[in-house]
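Chemist: Provide a 3D model corresponding to the input given below.
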Amino acid sequence: MMVLVAVCLPLFLIMAAFAVDVAWMQLVRAELRTATDAASRAGAKTLSLSQDEIAARIAARDAALRNTVAGQGLIVDDSQIEVGTSSQSTSTSRFAFTPGGAQLNAMRVTGQRTASSSAGPVALFLGRVMGVPQFQPQHIATSTQLDRDICLVVDRSGSMMRDVDSRTVSGSNCGPPNPTLSRWAGLNNAVLGFLNELDTTPQTEKCGLVSYSDAGNHCGFNYTTSDINAPLDFSYAPIRSEMAFLGSRAVRGNTNIHAGIQNGRAVLTSGAQRPFAIRTMVLMTDGRHNTGPEPVLAARLAADEDITIHTITFSFEAGFSRMQAVAAATGGTHFHAPDSAALERIFREIASTLPVMLTE
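Modeler: Numbers count the residues shown, from 1 in each chain. Alright, predicted model coming up:
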């Protein structure tokens with residue numbers, strides 16, 4: 001019996017060493033993954049909010065240090081942090097990270113407990129019995145911040161006074177649009193829904209407002225072709241206020257979509273635009289472009305400035321093919337809303353994106 005015990009004891013010790021150390025290694029790997037992911041997310045978030053690469057690196061290091069790996073905070077050197085761009089070649093493909101770039105939107109962090117890292121390798125409890133005193137785990141995490149600076153470009157031409165089926169609704173010809181039945185009412189609800197959707201995202205997007213029709217004097221009011229009603233701002237109160245003001249009097253005039261796009265470009269290339277943010281224009285019309293230069297020409301200029309235009313047609317009278325061409329010229333998407341409920345749903349869909357994603 002004693003002989004059997006003597007023979008089996010070393011095997012038991014080896015098995016115990018293996019079981020304890022395997023569990024320890026799994027725990028450390030999980031801790032390293034958590035710490036590295038947290039560092040990557042914190043860095044990408046700070047890059048978005050501050051637009052400052054140095055601040056983003058500091059945030060990543062601080063987040064890593066707050067998370068323990070094998071009993072001590074993870075130390076991440078500057079060489080283990082990469083700031084760059086992350087993008088998809090198609091809407092269904094994986095994000096690919098490229099260090100550097102003009103519009104920085106991602107951070108890749110390499111978390112290490114290796115011989116070459118500041119914290120060194122992780123000691124094993126019983127592995128040294130088998131001649132393996134330590135192990136050296138590594139984890140890589142990339143977080144992508146899908147920031148957007150957005151300009152809403154809305155149609156305030158005379159047809160917005162009618163309902164979606166082009167019927168005249170009750171109210172004075174020179175009074176404000178019908179608050180429930182008019183196309184303007186549907187647009188106003190959709191814009192408010194869009195802003196409410198942005199309010200639910202983890203970070204704050206910048207948003208501005210442009211309106212367009214054409215110049216003229218109607219009902220005792222002077223109308224301009226297009227106005228920048230609200231510049232880019234983290235606060236959406238000016239947009240809500242301007243939409244209420246525009247709806248407080250008759251909306252009038254023809255449809256100069258080109259002028260709306262041009263002012264949208266001005267908003268998205270202004271000093272308020274964040275250098276690392278994706279520039280997005282949401283262009284809505286209920287009719288057909290019938291005055292001013294060709295809108296596709298303005299869209300091509302927007303594309304040269306890395307502005308994506310998503311177009312929305314509202315009502316059967318809208319010019320579908322032209323708005324599809326405007327969206328296509330900038331890599332955007334065209335949507336059609338047959339009624340007010342669909343219009344709000346589309347606006348909310350465009351607003352609701354996942355701002356920060358762990359992409360590696």
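Chemist: let's verify the residue lying closest to Arg265 once chain neighbours are set aside: helix, strand, or coil?
Modeler: Nearest residue to Arg265 in three dimensions, chain neighbours excluded: Ala302, at 5.3 Å (Cβ to Cβ, 6 or more residues apart in numbering). Using the backbone N, CA and C atoms, a C-beta is placed for each residue, glycine as well. Secondary structure, DSSP: H, G, I helix; E, B strand; the rest coil: Ala302 is helix.
Chemist: pLDDT score assigned to Ala302?
Modeler: Among the per-residue scores, Ala302 holds a pLDDT of 97.
Chemist: which residues touch it?
Modeler: Ile261, Gly264, Arg265, Leu268, Met281, Ile309, Ala329, Thr330 (Cβ atoms under 8 Å, 6 or more residues apart in numbering).
Chemist: among those, which are located in strands?
Modeler: Met281, Ile309 (DSSP state E).
Chemist: where does the stretch 101-250 of the chain have low pLDDT?
Modeler: 126-131, 169-172, 201-204 (pLDDT under 70).
Chemist: now do the helices in it.
Modeler: 183-199, 237-246 (DSSP state H, counting those that start in this stretch).
Chemist: which one of those is the most hemmed in?
Modeler: helix 183-199 (a mean of 21; mean count of other Cβ atoms under 10 Å).
Chemist: dump the C-alpha coordinates for that one into CSV.
Modeler: Taking Å, rounded to 0.1, in the frame of the first residue of the first chain, the C-alpha atoms of helix 183-199 are listed here in CSV:
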residue,chain,number,x,y,z
ARG,A,183,-47.3,67.5,-43.8
TRP,A,184,-45.5,70.1,-41.7
ALA,A,185,-47.1,68.6,-38.5
GLY,A,186,-45.8,65.2,-39.6
LEU,A,187,-42.4,66.6,-40.2
ASN,A,188,-42.3,68.4,-36.8
ASN,A,189,-43.2,65.2,-35.0
ALA,A,190,-40.5,63.3,-36.9
VAL,A,191,-37.8,65.9,-36.1
LEU,A,192,-38.8,65.8,-32.4
GLY,A,193,-38.7,62.0,-32.5
PHE,A,194,-35.2,62.2,-34.1
LEU,A,195,-33.9,64.5,-31.3
ASN,A,196,-35.5,62.3,-28.6
GLU,A,197,-33.8,59.3,-30.1
LEU,A,198,-30.4,61.2,-30.0
ASP,A,199,-31.1,62.0,-26.3
